[in-house]
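Trainee: I would like to see how this sequence folds:
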Amino acid sequence: MTMRVLISDSVDRACIDVLRDEQCDVQDSPGISPEELKQQIPAFDALVVRSRTRVTAEVIEAGSRLKIIGRAGTGVDNIEVAAATRRGILVLNTPGGNTVSAAEHTVSLLLSLARKIPQAHVSLVGGSWERKKFVGTEVQGKTLGIIGLGKIGREVAARCRGLGMVVIGYDPVLSPGAASKEGIEPVDLHGIFRRSDFITLHTPLTEETRGLINAESLSSCKRGVRVINCARGGIVDETALLDALESGQAGGAALDVFEEEPPKASPLIGHPRVVVTPHLGASTEEAQEKVAIQIAHAVADALHGRSFTGVVNSSVMYMTLQEEVRPFLLLAERLGSLVAQLAAGKLRSVTVGAAGDVAESSLGLIKAGVLKGVLSETSTDPVNFISAPVLATEKGLAVYEERGGPGGNYTNSLKVRYEAGGKLKEVEGSVVGRSQIRLTMMDGFRFEVKPEGHLLIYSNLDKPGILARVGGILSRYEVNIAGVSLGRSEEGGVALTVMNLDGTIPEKAMAELARVEEATELRLVKLD
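Mentor: Okay, the predicted model is just below:
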């Protein structure tokens, strides 16, 4: 049967040519309306989009034949991935296709910011000749702090070293040795803020990075620091940035992305010390051709069952595996995500252990699942089962495996031992029944918890009243406790408490919890 592909956005002609060479029936309909899309999608096996088309749950539900949704680009913010996953539809993107374009745009903004080029252009076009007003600063010898050392961050570093800048960088996974090989001095976040003349952001937008550049971090920077954001809107607290610009704490900003796109009545647009562009990081002819060709090959390969590259919702690939293996892959991802969020300091090594026939027989794939969970929390690069081992190697993360490692009371179980901040720690999980996954051990404390949603984890003395105090604080802030599990070393000794919550905890509530002396090492993690 001929595979039918609908292209609903303006994509480089090369995409159409490749798909037709692959014997696909292609309908090129850039600019198709949402209603027309819902009406036509039932007749297609694959949908290719860029950023304009909103692939909603309604569109996905209407796609009765739909097997693939391909995004000619990196981000999938315009696709309801969860809805596609529920329908067993693969969502593909094109990791790396816009790396050079995004890096070059970052450097362009940096230089425009340093030399006030856009402002001078507008002034001259308006009939003025104001040379003194637009005196800039040289970047040679200045310190550039890069937050996020994925492919784009490293490309920015290479170009800025060529400009004579001192390049320092922070990445929660990239090893110091790997950073140094790229000519980047590895530092912590405090070092970035304290030393940088320019700061550029190249991280994904997650709960951990949202508002990373805020009033507190800006106040710890050099006075006059300049901020560049070509990553994702929301990483920069725009209100805090405006306050810093007005006070002179920030000397300028260059923004390609915004909390709301397009931005509406933002005071940053038109600010005399701000350079702005409308999300142009990937907008070059070369990048658009690359991603068009990449997504065409990826869609064709997936439709013909040859290979699966750029899979965003890797969980859909579980459907191609033996049923009993699928819950172990989900558990592996959750354990990896937990490790990334618990790790204090740079993660240096990960050892994945499996016990039991089912787990041991799929250890290689399970190890990739753990790495996917780890790197999805920390990497700026798209991560799937295929790319995770490669990215781990690139970042200098040592990865090992062992069979027969975990034990406890479970026949089939997984253990992840990890080294971070000079300490060796471990977590363990198992599959109960045929498909129920559980977190069963953390740093020697045994319990049984569903590894899902928001978890509040803390150490405490095993004595009455502490749980009530913590619960009382959560209650005052209307945070509902869905479940509590306690592991302890001995009666009256040290205990570890894990709470399943129905939502996240407000910052004020976390501050109150931190003042409960008997409850220490508070950590809030989110497992999707």
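
Trainee: any idea which helix or strand of this structure has the worst average confidence?
Mentor: Ranking every helix and strand in the chain by mean pLDDT, DSSP states H and E puts helix 387-394 at the bottom, with a mean of 78.

Trainee: can you give me the buried ones in it?
Mentor: 387, 388, 389, 391, 392, 394 (16 or more other Cβ atoms under 10 Å). Every residue, glycine included, has its C-beta placed from N, CA and C.

Trainee: hang on, the third one packs against residue 371?
Mentor: Spelled out, it's residue 389. Yes. Proximity of residue 389 to residue 371 meets the contact threshold set by Cβ atoms under 8 Å, at 6.0 Å.

Trainee: overlap in contacts, these two.
Mentor: Common contact partners of residue 389 and residue 371 (Cβ atoms under 8 Å, 6 or more residues apart in numbering): residue 399.

Trainee: residues in contact with the least confident helix or strand of the chain: which ones?
Mentor: 95, 173, 178, 350, 367-369, 371-372, 374-375, 379, 381, 383, 399.

Trainee: the same query, at a cut-off of 7 Å, please.
Mentor: Contacts to helix 387-394, defined as Cβ atoms under 7 Å, 6 or more residues apart in numbering, come from residues 95, 368, 371, 372, 375, 379, 381, 383, 399.

Trainee: secondary structure element for the third one?
Mentor: Take DSSP states H and E as the rule and residue 371 turns out to sit in helix 363-378.

Trainee: and that helix, what does it pack onto?
Mentor: Judged by 3 or more Cβ pairs under 7 Å, 6 or more residues apart in numbering; DSSP states H and E, helix 363-378 is in contact with helix 326-342, strand 347-355, helix 387-394, strand 398-403.

Trainee: now with 8 Å, please.
Mentor: helix 326-342, strand 347-355, helix 387-394, strand 398-403, strand 413-420 (3 or more Cβ pairs under 8 Å, 6 or more residues apart in numbering; DSSP states H and E).

Trainee: let's have these in TSV, adding distance to residue 67.
Mentor: Below are the helices and strands packed on helix 363-378 laid out as TSV (distance: least, Cβ to Cβ, whole Å):
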stretch	distance to residue 67
helix 326-342	19
strand 347-355	31
helix 387-394	21
strand 398-403	32
strand 413-420	31
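
Trainee: mind checking which of the ones you listed is nearest residue 497?
Mentor: Of all these, the one in closest proximity to residue 497, counting by Cβ to Cβ, is helix 326-342 (14.6 Å).

Trainee: tell me which strands and helices the closest one is in contact with?
Mentor: So helix 326-342, by 3+ Cβ pairs under 8 Å, 6+ apart, packs with strand 347-355, helix 363-378, strand 413-420, strand 423-432, strand 436-442, strand 519-527.

Trainee: which of the helices and strands packed on helix 363-378 has the lowest average pLDDT?
Mentor: With a mean of 78, helix 387-394 has the lowest mean pLDDT of those.

Trainee: picking up where we left off before, which one of the helices and strands packed on helix 363-378 lies closest to residue 22?
Mentor: Residue 22 sits nearest to helix 387-394 of all the helices and strands packed on helix 363-378, at 22.8 Å, using Cβ to Cβ.

Trainee: for the helices and strands packed on helix 326-342, which has the smallest mean pLDDT value?
Mentor: helix 363-378 (a mean of 87).

Trainee: quick one: buried residues of that one?
Mentor: Those buried within helix 363-378 under the rule 16+ other Cβ under 10 Å are 363, 366-378.

Trainee: can you check stretch 248-258 too?
Mentor: 249, 250, 251, 252, 253, 254, 255, 256, 257, 258.

Trainee: my guess is the second one meets residue 224, correct?
Mentor: Pointing back at residue 250 there. Yes. Under the criterion of Cβ under 8 Å, residue 250 makes contact with residue 224 at 7.3 Å.

Trainee: the host helix or strand of residue 194: how far from the chain's middle?
Mentor: Residue 194 belongs to helix 189-195 when assigned by DSSP H and E. Distance of helix 189-195 from the chain centroid (Cα atoms, centre = their mean, to the nearest Å) equals 22 Å.

Trainee: just stretch 100-118 next, same as before
Mentor: 24 Å.

Trainee: can I get it in CSV, CA atoms only?
Mentor: Provided in CSV are the C-alpha atoms of stretch 100-118 (Å, rounded to 0.1, in the frame of the first residue of the first chain):
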residue,chain,number,x,y,z
VAL,A,100,25.3,25.7,13.2
SER,A,101,22.5,28.2,12.4
ALA,A,102,21.6,28.6,16.1
ALA,A,103,25.2,29.0,17.1
GLU,A,104,25.8,31.6,14.4
HIS,A,105,22.7,33.5,15.4
THR,A,106,23.9,33.5,19.0
VAL,A,107,27.2,35.0,18.0
SER,A,108,25.5,37.5,15.8
LEU,A,109,23.3,38.7,18.7
LEU,A,110,26.4,38.8,21.0
LEU,A,111,28.3,41.1,18.6
SER,A,112,25.2,43.2,17.8
LEU,A,113,24.7,43.7,21.6
ALA,A,114,28.4,44.6,22.2
ARG,A,115,28.5,47.1,19.3
LYS,A,116,24.9,48.4,19.5
ILE,A,117,24.5,47.7,15.8
PRO,A,118,20.6,47.6,15.6
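
Trainee: what sits up against it?
Mentor: Counting by Cβ under 8 Å, 6+ apart, 134-139, 144, 152, 155-156, 159-160, 163, 198, 200, 202, 226, 228, 230, 252-254, 256, 275, 277, 280-284, 286-287 sit against stretch 100-118.

Trainee: okay, now the residue nearest to residue 188 when sequence neighbours are not counted: neighbour count?
Mentor: Excluding its sequence neighbours, the residue lying closest to residue 188 (Cβ to Cβ, 6 or more residues apart in numbering) is residue 170, at 6.2 Å. Look at residue 170: counted by other Cβ atoms under 10 Å, it has 24 neighbours.
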